[in-house]
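Asks: I'd like to go over a predicted model; first the sequence, then the structure.
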Amino acid sequence: MPTSPLSLTFSDVIKSNYSQEKITSLINEFKNHERYDFVRELKNETLISSVKNTYERFKHFKSFAQVGIGGSSLGPEMLISALGSEGVQFTFFNNIDADDTYQKLKNLNIKETLFYIVSKSGGTAETMATFSIIANKLVEAGVKEENFKDHFIFATDPKKSSLLELGKEFGITCLEIPPFVGGRFSVLTPVGTLPALFARIDIDSLLAGAYKYATEQFDSEDFKKTCASILTHAEEGVNETILMPYSSLLRDLSFWFVQLWGESLGKKKDNQRIGLTPIPSYGATDQHSQMQLFMEGPLNKFLFLIHVKNTKNDFKLENSFNHSRLKMLSSYSLKDLMDAEFFGTLKALSEQGVPHLTLSIDLVNEESLGAIIVYFELLTAIIGNALGIDPFDQPGVEAGKIYSFEWLEKLK
């Protein structure tokens, strides 16, 4: 029997008293919901083929720049940093900081760069602002507007989007972001799979692994126990959730998780404020910054720790220095030291009574990363529904957008 790419280990301080029957009911109900499309679309061969065909037409580019914010950038950045890239320069325009934008443009050969403009709504102000700057730079470099189709690809909603209309006007290739897949759940749609192809990532393994793992979770006792644990501790005031992979390759996974968890689960319900605050971390680095707080600060934190059993590279620490600590390390490897710090942290967390759950993968690869992504996406959806909120909207963000444009109007 094939082993799962992701295994779970619950610490002995975890409580899971929440009704398993209710969780099973929520899971079964969600399988028939339109928002379950972030799993269904993993098997959409038409969507996958459109991405592959687009890549074939533009694969001569050795510089790829993605323009997007939030889920239109965090997920792709996570894929590239975790699984690497070969022979292609990646740039992410993920903010509207003028100095940062200037520096990134300065470092690009703009005529030799493929620009991927990603906006689900097609009207994201930050994304469209950066697009306009890039379009002007291309014109300044001698590119005519009728040739924008050779320098841009768009990704947006396939039915209702001003970006889609702009793409049609200029003959620019437009990839589809499925209508019922929100931005923070969209990393395994063309939002993330196109840049993944440029990074030489095997998207077939990525998507197949994610789909297989997702469909197995509905009968998984471990997944149900995870949901029960989060909800049980939340009822006891544990309202901060930490994701801490012991891997630099997975550091950006924590930042992707922050948006997924925070934007989905921080809501108002009947004039009450509900939320589980996400905190990004990674080991072993943050043992020297945040771990003191996790260990001895308020017991309002739930930790997900990720252990990578094997790495593609390792270094022996053998040496002949006359130094006590160097002598002590001489018999081990760098991976031995990382594992020692990971397992030492687990023991210390248990002693301190801090609830934590370990996710273990054999290696950082397409299959394991796909499993981790859908694990947290499904967990977010079920926890949101259990809390009685909509995990797929973001009304607080929308209000800020309205007030931002009101402020701009005053500048006229």
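Replies: Received the coordinates, thanks.

Asks: Could you list the domains of this structure?
Replies: Structural domains assigned to the chain are 7-31+218-395, 35-205, following automatic domain parsing.

Asks: Go through these and name the closest to Trp407.
Replies: The minimum distance between Trp407 and the domains of the chain falls on domain 35-205, with 11.9 Å, by Cβ to Cβ. Just so you know, the C-beta spots here come from the backbone N, C-alpha and C atoms, and that holds for glycine as well.

Asks: and the end-to-end length of that closest one?
Replies: 23 Å (Cα to Cα, to the nearest Å).

Asks: Show me how far that domain is from its chain's centre.
Replies: 16 Å (Cα atoms, centre = their mean, to the nearest Å).

Asks: tell me the average confidence for it?
Replies: Averaged over domain 35-205, pLDDT sits at 97.

Asks: quick revisit: in TSV, list the domains of the chain along with mean neighbour count and distance to Ile402.
Replies: Listed next are those as TSV, based on neighbours: other Cβ atoms under 10 Å; distance: least, Cβ to Cβ, whole Å:
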stretch	mean neighbour count	distance to Ile402
domain 7-31+218-395	17	11
domain 35-205	18	11
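
Asks: Nearest to Lys412, out of those?
Replies: So among those, domain 35-205 is nearest, using Cβ to Cβ, at 15.9 Å.

Asks: Double-check that Lys168 belongs to a helix.
Replies: Yes - applying DSSP: H, G, I helix; E, B strand; the rest coil, one finds Lys168 inside a helix.

Asks: I'd like the distance between it and Ser162.
Replies: According to Cβ to Cβ, to the nearest Å, Lys168 stands 11 Å off from Ser162.

Asks: So in this protein, which strand runs the longest?
Replies: strand 301-308 (DSSP state E).

Asks: strand partners of that one, parallel vs antiparallel please.
Replies: The sheet places strand 301-308 alongside strand 240-245 (parallel), strand 356-361 (parallel), with pairing taken from DSSP bridges.

Asks: Between these, which one is closest to Ser320.
Replies: strand 240-245 (34.0 Å).

Asks: quick one: Ser85 from Ala199, how far?
Replies: From Ser85 to Ala199 the distance is 4 Å (Cβ to Cβ).

Asks: Likewise for Lys104?
Replies: Taking Cβ to Cβ, one finds Lys104 at 18 Å from Ala199.

Asks: and what of Asp99?
Replies: According to Cβ to Cβ, Asp99 stands 27 Å off from Ala199.

Asks: do the same with Leu42
Replies: Taking Cβ to Cβ, one finds Leu42 at 19 Å from Ala199.

Asks: And Asn44, by the same measure?
Replies: Asn44 is 21 Å from Ala199, by Cβ to Cβ.

Asks: ok, now Trp407?
Replies: 38 Å.

Asks: Could you confirm Gly237 falls within a strand?
Replies: No - under the criterion used here (three-state DSSP), Gly237 is coil, not part of a strand.

Asks: mind checking how far the nearest residue to it once chain neighbours are set aside is from Thr241?
Replies: Ranked by Cβ to Cβ, 6 or more residues apart in numbering and with sequence neighbours excluded, the top spatial neighbour of Gly237 is Asn300, at 5.6 Å. Distance, Asn300 to Thr241, by Cβ to Cβ: 10 Å.

Asks: Let's see the longest helix seen in the chain as PDB, backbone CA atoms only.
Replies: Criterion DSSP state H: the longest helix present in the chain is helix 366-386. Taking Å, rounded to 0.1, in the frame of the first residue of the first chain, the C-alpha atoms of helix 366-386 are listed here in PDB:
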ATOM      1  CA  GLU A 366       5.600  18.300  -5.800                       C
ATOM      2  CA  GLU A 367       3.600  15.500  -4.200                       C
ATOM      3  CA  SER A 368       4.300  16.500  -0.600                       C
ATOM      4  CA  LEU A 369       3.800  20.300  -1.200                       C
ATOM      5  CA  GLY A 370       0.500  19.600  -3.000                       C
ATOM      6  CA  ALA A 371      -0.700  17.600   0.000                       C
ATOM      7  CA  ILE A 372       0.300  20.300   2.500                       C
ATOM      8  CA  ILE A 373      -1.500  23.000   0.400                       C
ATOM      9  CA  VAL A 374      -4.900  21.200   0.200                       C
ATOM     10  CA  TYR A 375      -4.600  20.000   3.800                       C
ATOM     11  CA  PHE A 376      -4.600  23.600   5.000                       C
ATOM     12  CA  GLU A 377      -7.200  24.800   2.500                       C
ATOM     13  CA  LEU A 378      -9.600  22.100   3.500                       C
ATOM     14  CA  LEU A 379      -8.900  22.700   7.200                       C
ATOM     15  CA  THR A 380      -9.600  26.400   6.700                       C
ATOM     16  CA  ALA A 381     -12.900  25.700   5.000                       C
ATOM     17  CA  ILE A 382     -14.100  23.300   7.600                       C
ATOM     18  CA  ILE A 383     -13.000  25.400  10.600                       C
ATOM     19  CA  GLY A 384     -14.700  28.500   9.100                       C
ATOM     20  CA  ASN A 385     -18.000  26.600   8.600                       C
ATOM     21  CA  ALA A 386     -17.800  25.200  12.100                       C
END
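
Asks: and the end-to-end length of stretch 381-397?
Replies: 19 Å.

Asks: State the helix or strand in which Tyr116 lies.
Replies: strand 114-118 (DSSP states H and E).

Asks: Which residues outside that strand are in contact with it?
Replies: 58, 61, 63-68, 72-73, 127, 131, 134, 151-156, 163, 177, 191, 194-195, 198 (Cβ atoms under 8 Å, 6 or more residues apart in numbering).

Asks: Just the ones of these in strands?
Replies: Under the assignment DSSP E, the contacts of strand 114-118 contribute Ser63, Phe64, Ala65, Gln66, Val67, Phe152, Ile153, Phe154, Ala155, Thr156 to strands.
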